[in-house]
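Q: kindly return the folded structure for what I paste below:
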Amino acid sequence: MVRLPMPPSANVMWRSDFARKRVYVSRAGRIYRDECAPILAKYRNPIEGPVSLTAEFYFKNKLVRVDLDNRLKPLLDVCQRTEYNTGLYVDDAQIVAIHAYKFFDAEQPRVEVTVVAL
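A: Modelled structure (predicted):
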């Protein structure tokens with residue numbers, strides 16, 4: 001199990017530059033990637049082959065409407081292999097099963113990720 005900070009919503013993770021016809025990682029996305037990098041640096045041998053991923057999201061506030069699926073894609077992207085060959089798996093295309101759960105923890109919002117080779 002790996003504990004990571006809460007990812008930003010997919011709605012703010014990427015931005016579009018219509019003039020140049022490209023999509024790029026937003027400032028919020030770069031900050032999140034940088035927060036996760038030292039945690040994921042411990043994982044020097046990303047899993048190859050099919051994997052199952054379980055993500056337990058602990059949100060801060062029960063009163064705010066939060067879409068669980070908008071947090072998944074940024075998380076999946078940040079957990080894949082980097083140019084330094086660190087990460088939980090090589091590519092998020094390897095994921096054949098995803099289990100996502102929503103919980104609340106006002107003191108410590110986070111996401112706990114478990115990846116299992118199949």
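Q: what is the rounded mean pLDDT of the host helix or strand of Pro74?
A: Pro74 belongs to helix 69-78 when elements are defined using DSSP states H and E. Here helix 69-78 scores 94 as its mean pLDDT.
Q: distance check, Pro109 against Glu56.
A: 12 Å (CB to CB, to the nearest Å). Every C-beta, even on glycine, is put in place using the N, C-alpha and C of the backbone.
Q: show me what the lengthiest helix in the chain packs onto, helices and strands only.
A: Ordering each helix of the chain by length in residues (DSSP state H) puts helix 27-40 first. Judged by 3 or more CB pairs under 8 Å, 6 or more residues apart in numbering; DSSP states H and E, the packing partners of helix 27-40 are strand 2-4, helix 10-13, helix 69-78.
Q: so how far is Arg20 from Ala55?
A: For Ala55, the distance to Arg20 (CB to CB) stands at 33 Å.
Q: so the two - more neighbours on which side?
A: For Ala55 and Arg20, the more surrounded residue by other CB atoms under 10 Å is Ala55, and the numbers stand at 22 against 8.
Q: got any ranges where the protein has weak pLDDT?
A: Applying pLDDT under 70 to the chain picks out no residues at all.
Q: ok, 90 please
A: Regions of the chain meeting the criterion pLDDT under 90 cover residues 10-26, 44-45, 61-67, 81-86.
Q: residues contacting the residue nearest the centre of it?
A: For the chain, the residue nearest the mean C-alpha position is Leu75 (1.0 Å; CA atoms, centre = their mean). Counting by CB atoms under 8 Å, 6 or more residues apart in numbering, Leu75 makes contact with 4, 7, 55, 111, 113.
Q: highest neighbour count among those residues?
A: Using other CB under 10 Å as the neighbour criterion, Pro7 leads the contacts of Leu75 with 28 neighbours.
Q: that one and Glu35 touch, don't they?
A: No. Look at Pro7 against Glu35 with CB atoms under 8 Å: they stay out of range, at 9.5 Å.
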